[in-house]
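**Q** my questions concern the predicted model and sequence given below.
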Amino acid sequence: MTGAPNARWCSAALWVLLAGCVSAPELPAIDYDTADQSALAPDRASAEADDAIPDGGREVGAPSPPPEPLCMDREACNGRDDDCDGVIDEFSPGELRSIDFGVCDDLPIECRGGQPTEPDLRVVPGYELDERTCDGLDNDCDNVVDESHFGDLGQPCGQGQGICFRSGVRICDPRVPFGPTICSAAAAADAMRVEKCNGLDDDCDGTTDEGIGRGEACPLDARQPCAPGRMGCADGQWRCLPDEAAAREVCNGVDDDCDGRIDEDGPQICAPFEVNPGSGTPLCIDGECGVGWCNPGSFDSDGAARNGCECTPRFGGQEHCNGLDDDCDGEADAPLVEAAPAADLDEGLCAGLRRRCVGGAWREPSYPDDVPGFEAIEITCDRLDNDCDGAVDEGLDGCR
């Protein structure tokens, strides 16, 4: 007997043992030696099919295997491999930005421990917690360049003297980045080195028209009213320089110091104002001292040199009835911007009548002169309120 028939005989024996406990339908007898083997094929095919199913052998109630991971198009900073490429948190900051000025420009957010994290600025080249280096960079990333310790940065400066002078601005010194600023200009090196009478410092030594000497004797028309002298350089021009000491120039229309000019040195030859001396600057004009210019907020409204810039605007420069020149135009109480109050009598012929500003005060108008037809006591029967009391033709018998 083969192995397969023996198995089937065991199954038959089992049915026999169970027959006494459970009623079961009678089974036909099978002769495994002579039976058609094709009749047994369905049982064999069913067993083979069970072996082919992956979890066909899993017991009922066993835990299910974990689901396959869901892959994303973009990696997030969360401690997981979102894009299923085998690398965790290869974070792309996208629109997220950190400090975005100076040496920190375009600095991205970093991913650390699954959390977006500000970058460590200490490793940024050129970064300084407090701006210390004068290098034309925004080292502390606050959108201001070289603001610390360099208060004169960008201020005007100059180098050289005379015609050698060149202007520039204060800049960082690349040789000493922590030191003071330097001037961007350099003095010209192509100076003439020969002084001429032109009012310029041609040799760039800080002195103008020096060492030129004196020439021929002054012509007669050049030295009046001064003493005889020789032609020389003064204020960039050849002038008659007297042999004797000249007098000090005063404001009188005369060349007192014999330099060929009259009443020069404007403000210096006029004394301060007797009144309001600090209100402005005097100036010699046509041989007389007058008001040259006034300080801000002061005005010369009367044109007198003695009291200088005597007027200071009041009420924001708007004229009021007070006898003063509030707007500093040289005239008091005109033009008025203050509304005049109503007159005491404002009925009848006096309707709309206003007081007048006289002597710096509001006064009643002159009723006989300012109100045609005015009557202190109603005497005319004309259907008018001539006495401005609100009643018409009162007290006139027979007046209709």
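**A** Nice, thanks for sending it over.

**Q** where along the stretch 251-400 of the chain do the helices fall?
**A** Taking DSSP state H, counting those that start in this stretch, the helices of the stretch 251-400 of the chain run over residues 367-370.

**Q** list the buried ones in stretch 357-372?
**A** 357, 365, 367, 371 (16 or more other C-beta atoms under 10 Å). Where you see a C-beta, it was placed from the backbone N, CA and C, and this is true even at glycine.

**Q** ah, wrong one, I meant stretch 278-294
**A** 279, 280, 281, 282, 283, 284, 289, 290, 291, 292, 294.

**Q** what does stretch 113-129 give?
**A** Neighbour counts using 16+ other C-beta under 10 Å place 116, 121, 124, 127, 128 of stretch 113-129 among the buried residues.

**Q** got the CA positions of that stretch in CSV?
**A** Extracted as CSV, the C-alpha positions of stretch 113-129 are listed here (Å, rounded to 0.1, in the frame of the first residue of the first chain):
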residue,chain,number,x,y,z
GLY,A,113,16.1,67.5,15.6
GLY,A,114,13.0,67.6,13.4
GLN,A,115,12.4,71.3,14.1
PRO,A,116,13.0,74.4,11.9
THR,A,117,15.8,76.3,13.7
GLU,A,118,17.5,79.7,13.3
PRO,A,119,21.0,79.3,11.9
ASP,A,120,24.0,79.9,14.2
LEU,A,121,25.1,83.4,13.2
ARG,A,122,28.5,82.9,14.9
VAL,A,123,29.7,80.8,11.9
VAL,A,124,28.6,83.4,9.3
PRO,A,125,31.7,85.0,7.8
GLY,A,126,32.0,88.6,8.9
TYR,A,127,29.1,88.5,11.4
GLU,A,128,29.4,90.6,14.5
LEU,A,129,26.9,90.8,17.4
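
**Q** and the closest residue to residue 337 other than its chain neighbours, what is it in contact with?
**A** Of all residues not flanking residue 337 in the chain, residue 318 sits nearest, at 4.5 Å (C-beta to C-beta, 6 or more residues apart in numbering). Listed by C-beta atoms under 8 Å, 6 or more residues apart in numbering, the contact set of residue 318 reads 326, 327, 337, 338.

**Q** excluding its backbone neighbours, what's nearest the second one?
**A** So the one you mean is residue 327. residue 317 (4.7 Å).

**Q** quick check: the one you found vs residue 335, distance?
**A** Going from residue 317 to residue 335 by C-beta to C-beta, to the nearest Å gives 12 Å.

**Q** show me what counts as buried in stretch 295-314.
**A** 298, 299, 300, 301, 305, 307, 308, 309, 310, 311, 313.

**Q** and if you look at stretch 156-172?
**A** Across stretch 156-172, burial judged by 16+ other C-beta under 10 Å covers 157, 159, 160, 161, 162, 164, 170, 171, 172.

**Q** residues touching the residue nearest to residue 295 when sequence neighbours are not counted, list them.
**A** Nearest non-adjacent residue to residue 295, counting by C-beta to C-beta, 6+ apart: residue 280, 5.4 Å away. Contacts for residue 280 were tallied using C-beta under 8 Å, 6+ apart; they are 273, 291, 292, 293, 294, 295, 298, 300, 308, 309.

**Q** for the residues you listed, which one is nearest residue 331?
**A** Distance to residue 331 across the contacts of residue 280 (C-beta to C-beta) is lowest for residue 300, with 13.9 Å.

**Q** wait, the closest one touches residue 306, no?
**A** No. At 10.9 Å, residue 300 does not count as touching residue 306 under the criterion of C-beta atoms under 8 Å.

**Q** sketch out the low-pLDDT regions of the stretch 1-150 of the chain for me.
**A** For the stretch 1-150 of the chain, the stretches flagged by pLDDT under 70 are 1-69, 91-99, 148-149.

**Q** all strands of the stretch 51-200 of the chain, in order?
**A** Assigned by DSSP state E, counting those that start in this stretch, the strands in the stretch 51-200 of the chain fall at 110-112, 115-117, 156-159, 166-171, 182-183.
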